[in-house]
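Trainee: quick one: sequence and predicted model below, then my questions.
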Amino acid sequence: MKQWMSRASLAAVAALLVMGVAAPADAQKKSQKAASVKLSKPVQQLLAQAQPMLAKAQTASAAKDETAAAAEARAALGLVEQAAALPNLTADDIFVIHQMRLNAGILSKDNAQILKALEDGLASGRLAAEDQAKYLRNIGALSLQANDNARAMQAFEQLIVINPNDAQLMVEMAELHRRNKNSAKAVELIQQAIAAQERGGTPADESWYRRALALAYDAKLPPQITVTSEALVRAYPNAKNWRDVLIIFRDSAKFDDQANLDILRLMRANEALAGERDYAEYADTAIQRGFPGEANAVLDEGIAKGALQISKPFVKEMKTSVSPRIASDKASLPGLAREANAAATGRAAVGTADAYLGYGEYAKAAELYRTALKKGGVDAAMVNTRLGLALGKSGDKAGAEAALKAVTGPGREQLAKYYLIWLANQS
């Protein structure tokens, strides 16, 4: 899984956020308003000299002359620094100095000065609640850019108290926790962000779900892998997500050929088979289990989609292996079904039902799976999984749901949950 946010992208985010604190004109207006309060005379004199420089910087910036804007802003900043170094500053002095520093920092694109101005403004106790939130967000973003994770986290934790439903903030905090090697907390925060977004009536971005899964997977957190996997395909049930989720699930434990076949069937049901390897593995597994009809259908689908090339020897060999067997295999099924119905156990019924399933005759497959369950002597979890697929494919969603909810046991129960998510998306 790729790293979610590069250092460069964090810097870009920080730059955008900083411009959201106050455009230079707004900052100028605020500093003028603040200057109407009582300032000590030395501070007033220095800042009065700085203000025309900032005005020139603003004009140059508007004209896209960034070099001139930066030069004027840096000159103003020198006077601001002199004011800040004066003894016996009043609260009003400190507040106005911070506003002037902020304006100069923005115009000169000096993030260190911007950060200092934000910190001073926050510490002044003179900010409105709305401005406190803006300042904290930007302190966090700039701290991230400077790789000061501790300060960024402190700022974001203060901000989340002010804005407890800020989903984007939770995502940013998750990235901090990942940097601090606390992936479990990072996953938890992204899950909270998704929930907050949904409460607000807006779907969470797909990347949030994928990021939560990536973090859980990379950190080897099995319970979180399961929860985030389910959430991803429930919210965004596209082929790529289904394939990723089911491959991760399959690789998380050792499944026998029967369970692996059912995972491949679910991938196919979600159009999530991709490339030569998936189709070849599915066809070979079906051949090994004695289902030529299903193997042939998968091979034909892979060839039609360009995933398999009939000119390749192994593909040609598989086609040659199953094609001649189709007619006789299908013709044998009614007789095998009668024998299965007369048998003492359900084992024969399962084998015949599996064959019908491979040919797409879902109603007949479902009938025989039910017969197998009634007679017993079979793996009920496996049979109910396949019964759920057959009923779902035939349009009996209620029956499919009941069958899948009856599945228990390690691995199988979770697979049934994925089948239930697939079922919920069937019209």
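Mentor: Thanks, I have it. Because the structure is a prediction, the values reported are computed rather than measured.
Trainee: what is the strand or helix carrying residue 44 packed up against?
Mentor: Residue 44 belongs to helix 41-62 when assigned by DSSP states H and E. Counting contacts by 3 or more C-beta pairs under 8 Å, 6 or more residues apart in numbering; DSSP states H and E, helix 41-62 packs against helix 24-35, helix 66-84, helix 91-108. For the C-beta atoms, the positions are set from N, CA and C on the backbone; glycine is no exception.
Trainee: what about the shortest one, average pLDDT?
Mentor: pLDDT averaged over helix 24-35 equals 45, rounded to a whole number.
Trainee: what does the second one give?
Mentor: Along helix 66-84, the predicted confidence averages to a pLDDT of 95.
Trainee: contacts for that helix next, please.
Mentor: Outside helix 66-84, the residues that touch it by C-beta atoms under 8 Å, 6 or more residues apart in numbering are 42-43, 46-47, 49-51, 53-54, 56-58, 60-61, 93, 97, 100-101, 103-105, 107-110, 113.
Trainee: try it again with 6 Å
Mentor: With C-beta atoms under 6 Å, 6 or more residues apart in numbering as the contact definition, helix 66-84 has outside contacts at 43, 46-47, 49-50, 53-54, 56-57, 60-61, 97, 100-101, 104, 107-108.
Trainee: whichever of those residues end up buried, select them in ChimeraX.
Mentor: A single ChimeraX command selects the buried members of those (16 or more other C-beta atoms under 10 Å):
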select :43,46,47,50,53,54,56,57,60,61,97,100,101,104,107,108
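Trainee: can you give me the helices for the stretch 101-250 of the chain?
Mentor: For the stretch 101-250 of the chain, the helices defined by DSSP state H, counting those that start in this stretch occupy 111-124, 129-145, 149-162, 167-179, 183-199, 206-218, 222-235, 239-251.
Trainee: tell me the mean pLDDT for the fifth one?
Mentor: In this model, helix 183-199 has a mean pLDDT of 96.
Trainee: can you put the helices of the stretch 101-250 of the chain in TSV and add mean neighbour count and distance to residue 265?
Mentor: As requested, those are exported to TSV (neighbours: other C-beta atoms under 10 Å; distance: least, C-beta to C-beta, whole Å):
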stretch	mean neighbour count	distance to residue 265
helix 111-124	20	54
helix 129-145	21	45
helix 149-162	17	44
helix 167-179	22	35
helix 183-199	20	29
helix 206-218	22	22
helix 222-235	19	16
helix 239-251	18	10
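Trainee: rebuild these as JSON lines, extending it with distance to residue 332.
Mentor: What follows is the helices of the stretch 101-250 of the chain, written out as JSON lines (distance: least, C-beta to C-beta, whole Å):
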{"stretch": "helix 111-124", "distance to residue 332": "76"}
{"stretch": "helix 129-145", "distance to residue 332": "67"}
{"stretch": "helix 149-162", "distance to residue 332": "66"}
{"stretch": "helix 167-179", "distance to residue 332": "57"}
{"stretch": "helix 183-199", "distance to residue 332": "51"}
{"stretch": "helix 206-218", "distance to residue 332": "44"}
{"stretch": "helix 222-235", "distance to residue 332": "37"}
{"stretch": "helix 239-251", "distance to residue 332": "32"}
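Trainee: touching, residue 197 and residue 167? I think so.
Mentor: Yes. The pair residue 197 / residue 167 is scored as a contact, 4.3 Å apart, by C-beta atoms under 6 Å.
Trainee: need the contact partners of stretch 367-383.
Mentor: Contacts for stretch 367-383 (C-beta under 6 Å, 6+ apart): 258, 345-347, 349-350, 352-353, 386-387, 407-409, 412.
Trainee: would you list the buried entries among those residues?
Mentor: Among these, the ones that count as buried (16+ other C-beta under 10 Å) are 258, 346, 347, 349, 350, 352, 353, 386, 387, 407, 412.
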